[in-house]
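Participant: I would like the atomic coordinates for the input below:
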Amino acid sequence: MEIQYLTYLMENPEAYPNSNNFKDTIMPISLQEIEILEQLYNHGNPFPKALKELLFLAGKSCYVLDYGIYNTQEKMQEFVRRQMLANNRVINRPFFAIDVYSGGDQFIFVNLDEGDNPPTYEGHFYHDPIKDYDQPSWIWTVTPTLSDLISHGIDRIKQGMNPF
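Facilitator: As a prediction, this is how the structure comes out:
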């Protein structure tokens, strides 16, 4: 697969490459696994190119994303959808979760109908009365593109910070 949007991730496959104590490496999933995910979560339509690249490069493990305790992308998607149902949360478009964090209370996702390098959004399963909600009461825009989110995380790692 030709990588167009996530070249920075492809060029930086390892977090902390100079550390003797800790290293983290991206790990891919196969194109066949991606096709199954497209069937399940996008009605058989191709995923946005940047998402497909992310899964192809780092669908099993990505040091700038938290896949939670889930050992497959499908299990992570099922968790997000179960939590949404249990908390009366609805996204009325095809979407794909790319990160689950904060003890499973929050997730980052892309809508699958917003172009080849879609914006990323954060969803909260539980209502936080402290935050001022200007979108549906539980969703905020995180970055203008998926590649921006990944690049930002890589840059934070390179500066010795947590990618999140």
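Participant: what's next to stretch 145-160, contact-wise?
Facilitator: 5-6, 8-9, 12, 15-16, 48, 50-51, 54, 62-65, 98, 108, 110, 117-120, 142-143, 162-164 (C-beta atoms under 8 Å, 6 or more residues apart in numbering). The C-beta positions use only the backbone N, C-alpha and C, and glycine is treated the same way.
Participant: run through this protein and note the low-pLDDT ranges.
Facilitator: Applying pLDDT under 70 to the chain flags the ranges 20, 127-136.
Participant: the helices in it, which residues?
Facilitator: Here the chain has its helices, by DSSP state H, at 7-11, 31-41, 49-58, 73-86, 146-158.
Participant: so which elements touch the third one?
Facilitator: Under the contact criterion of 3 or more C-beta pairs under 8 Å, 6 or more residues apart in numbering; DSSP states H and E, the helices and strands touching helix 49-58 comprise helix 7-11, helix 31-41, strand 95-101, helix 146-158.
Participant: quick one, which of the helices of the chain gets closest to Gly104.
Facilitator: Closest approach to Gly104 among those is made by helix 73-86 (7.0 Å; C-beta to C-beta).
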